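# When you get a sec, could you give me coordinates for this:
(one chain, ligands or ions: 1)
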Amino acid sequence: MTAAEWLHQLESAFTDAHLDSPRLEAEMLVAHVLGVSREWLVAHPEAMPPRLAVAALAERRLRGEPMAYVLGKKEFFGREFVVRPGVLIPRPETEILVECALSRLPESSRVADVGTGSGVIGVTLALERSDLRVTLSDVSAAALKIAKENAERHSAIVSFHQGDLLEGFQDGSLDAIVANLPYVDPSDPLLDVGVKTWEPSVALFAEGGVKVIERLVAQSVKVLTTPGLLILEFGHGQAISIELILTKNGYGVEIESDLAGIPRVAVGTRSG
Ligand SMILES: C[S@@+](CC[C@H](N)C(=O)[O-])C[C@H]1O[C@@H](n2cnc3c(N)ncnc32)[C@H](O)[C@@H]1O
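As a prediction, this is how the structure comes out:
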């Protein structure tokens, strides 16, 4: 079957399965199997992708598996990162946290990306700012393995650490912490079923939504130097709770919002 025939068939199957962007996903899948860009694919409808490979990936997608896991990759901050079940699929809103960090981290800061998952935050910081000394940390060995793959793939110079939040970091050993930790309340009725089914619980859920962040903030007070920065992504409707947690622990707080005006990131500053 030619690429054009595959695209037609997949678009129709994805439409029937009520996927949001059937044509786009069909093109992504066939282009991935051929190892070409979507632009190349559109210009070469006569190409012949291997039948079994297309069918196997399409079947996974039709069973509801997220496209990023099916393709084994996701773009973040203009780069391609490996993702597999075992790590959260990076979300575009996390780029706001990265932008906040890039514009605020002082020269040569020692930074930990806590809850690094696929490593997107820490690897991006290390690549965009070669002066930074970045450690990627996670409690999950599976996540750290993927973070290492991504660091190697992009030749990012970073260190790795496995532990529960800041366990194992010496007092006063960091100038900044960046973190996108789990912030979904397990009882949240609005959580997407696909997310809940496919993405790892350890990456999603925190008691009351803020419990893991609250523990990190409490631990950070010793591990950060003064002055020090703590930059946190949080969930919809959590801005007030996060601000309160930070101020109770002695931080000055700024809240950054996304383009839709939804608060997404807290920047906590400890001054001397
Ligand atoms: C929401 S995911 C974020 C992944 C990645 N930073 C990103 O932005 O795509 C949260 C990550 O925190 C890790 N995590 C959860 N609890 C943790 C803990 N107590 N200590 C360290 N990491 C933790 C999970 O394994 C997961 O990789």
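# And for the helix or strand containing residue 33, what's in contact with it?
Per DSSP states H and E: residue 33 is located in helix 22-34. Outside helix 22-34, the residues within contact range by Cβ atoms under 8 Å, 6 or more residues apart in numbering are 3, 6-7, 10-12, 14-15, 19, 37-38, 40-42, 47, 49-50, 53-54, 57-58, 61, 67, 70-71. Where you see a C-beta, it was placed from the backbone N, CA and C, and this is true even at glycine.
# just stretch 258-272 next, same as before
93, 96-97, 100, 104, 217, 221, 224, 226-234, 236, 239, 242-243, 246, 249-257.
# and if we set it to 7 Å?
Stretch 258-272 has contacts (Cβ atoms under 7 Å, 6 or more residues apart in numbering) with 93, 96-97, 100, 104, 224, 226-234, 236, 239, 242-243, 246, 250-257.
# how far does it sit from the chain's center?
Averaging C-alpha positions (Cα atoms, centre = their mean, to the nearest Å) puts stretch 258-272 17 Å from its chain's average.
# Name the next helix or strand downstream of the lowest-mean-pLDDT helix or strand in the chain, please.
Ranked by mean pLDDT, DSSP states H and E, the weakest helix or strand in the chain is helix 193-198, scoring a mean of 89. With elements assigned by DSSP H and E, the helix or strand that comes after helix 193-198 is helix 201-204.
# quick one on the thing from earlier: in ChimeraX, select just the buried ones from the contacts of helix 22-34.
To isolate the buried members of the contacts of helix 22-34 in ChimeraX, using 16 or more other Cβ atoms under 10 Å:
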select :3,6,7,10,11,14,19,41,47,49,54,57,58,61,67,70,71
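# Okay, and which of the contacts of helix 22-34 map to helices?
3, 6-7, 10-12, 14-15, 38, 40-42, 53-54, 57-58, 61, 67, 70-71 (DSSP state H).
# What's the mean pLDDT across stretch 216-229?
Stretch 216-229 shows a mean pLDDT of 97.
# Quick check: end-to-end length of it?
13 Å (Cα to Cα, to the nearest Å).
# Contacts for that stretch, please.
Residues outside stretch 216-229 that contact it (Cβ under 7 Å, 6+ apart) are 104-105, 114, 165-166, 169, 171-177, 179, 181, 230, 245-246, 249-250, 267, 269-272.
# Which secondary structure elements does the host helix or strand of residue 125 sit against?
Residue 125 belongs to helix 120-128 when assigned by DSSP H and E. Secondary-structure packing of helix 120-128 (3 or more Cβ pairs under 7 Å, 6 or more residues apart in numbering; DSSP states H and E): helix 94-104, strand 110-114, strand 133-138, strand 158-162.
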